[in-house]
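Enquirer: A structural model of the following input is requested.
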Amino acid sequence: MFLALGALLLSFAVLYREVIAKLVFDWENDGNYSHGFLIVPLALYFAWERRQRLLKSPVQPSGLGLVVVLGSLATLVAGVLGSELFLMRVSIVGLVAGSVLFVLGWAHLRILAFPIGFLLLMIPIPSIIFNQIAFPLQLIASQFGEATLQAASIPVLREGNVIILANTTLEVAEACSGIRSLVSLLTLGIVYGYFTDHRMWVRTAIAALTVPIAIVTNGFRVAGTGIAAHYYGNAAAQGFFHEFSGWLVFIAAFALLFAVVRILLALAPPRGPSQPAEMVRVA
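Expert: Numbers count the residues shown, from 1 in each chain. I've put the predicted structure just below:
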């Protein structure tokens, strides 16, 4: 078994060295996916938590795993031929799942389903999908900012994602759409839910709550930028203030998520003692 695992790891390193190098480059240079550095260590930790269950489960290799491995390799080839990074990167997760199934069997794959699935969060969304998400978020943030400015009795005119004030004009660009905080907060919400409660519906609810929370808090960021620009000029919407407000909004979003989760758990407390994470059965 160890010889087979060693051969698989060596083959993986040879096949995916360029894919992984480009993936790490994107984590380092694309602020939307800087959380990618945390995904693999966390996935390994989740797998380590399940070590007792893995040791107790029988090793029953499945030939279907080889089919999954071959399908993942075919996806890699298709991605290379079509210059589609997303396909190449997704094939990594398929290859890991197929290898576990082929070498260890279904029982081990079921136990490791969550750690393996968690790896999907390290893969950047395809540009065509990213743009379909980012632009509506830009419009939502612009509308939210406009409504807040009007409520504050500040003259404002909005044209699409452009907010026109008396002394300056603000454009809610892609970087201000909130998708960066949305992706990062979703990842954080999944991890937070995992450690907070063992019930699957609670974990799912916590992850789902990150979406409206990220949208609302980013809307307040745009509104705050507009108010600051109205009173202090265009400089208030650039430089240090703009960058600092992004971090401040993310902290506020997590604080709001924490408060909402506390309310959720107060309304639906777990029955009996919490089950240790490594004993949680993942379907």
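Enquirer: what ranges do the helices span in the stretch 101-250 of the chain?
Expert: 106-111, 113-118, 127-151, 179-196, 200-232, 239-267 (DSSP state H, counting those that start in this stretch).
Enquirer: Go through these and name the closest to residue 14.
Expert: helix 113-118 (21.1 Å; C-beta to C-beta). Any C-beta I mention is one placed from the backbone N, CA and C, and that applies to glycine too.
Enquirer: In the stretch 151-283 of the chain, where is pLDDT below threshold?
Expert: Applying pLDDT under 70 to the stretch 151-283 of the chain flags residues 174-177, 233-243, 272-283.
Enquirer: related to what we said a few turns ago, any chance of a markdown table for the helices of the stretch 101-250 of the chain, columns distance to residue 160 and mean neighbour count?
Expert: Formatted as a markdown table, the helices of the stretch 101-250 of the chain follow (distance: least, C-beta to C-beta, whole Å; neighbours: other C-beta atoms under 10 Å):
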| stretch | distance to residue 160 | mean neighbour count |
| --- | --- | --- |
| helix 106-111 | 47 | 19 |
| helix 113-118 | 37 | 19 |
| helix 127-151 | 7 | 17 |
| helix 179-196 | 17 | 21 |
| helix 200-232 | 14 | 19 |
| helix 239-267 | 20 | 14 |
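Enquirer: Of these, which is nearest residue 92?
Expert: helix 113-118 (10.2 Å).
Enquirer: Check which helices and strands that closest one is in contact with.
Expert: Packed against helix 113-118, as judged by 3 or more C-beta pairs under 8 Å, 6 or more residues apart in numbering; DSSP states H and E, are the following elements: helix 36-49, helix 85-103.
Enquirer: and the shortest one with helix 85-103, angle?
Expert: So the one you mean is helix 36-49. For helix 36-49 against helix 85-103, the angle by axes from the mean of the first three to the mean of the last three C-alpha atoms, to 10 degrees is 10 degrees.
Enquirer: Make residue 1 into 58 and carry on from there
Expert: Happy to do that; since the first residue is 58 now, the last one works out to helix 93-106.
Enquirer: Quick one: mean pLDDT for helix 93-106?
Expert: The pLDDT scores in helix 93-106 average 93.
Enquirer: Just the buried positions in that helix, please.
Expert: 93, 95, 96, 99, 100, 103, 104, 106 (16 or more other C-beta atoms under 10 Å).
Enquirer: For the nearest residue to residue 309 once chain neighbours are set aside, give me its contacts.
Expert: Distances taken as C-beta to C-beta, 6 or more residues apart in numbering place residue 274 nearest to residue 309, at 5.5 Å, with adjacent residues excluded. Residue 274 makes contact with 235, 238, 306, 307, 309, 310, 313 under the criterion C-beta atoms under 8 Å, 6 or more residues apart in numbering.
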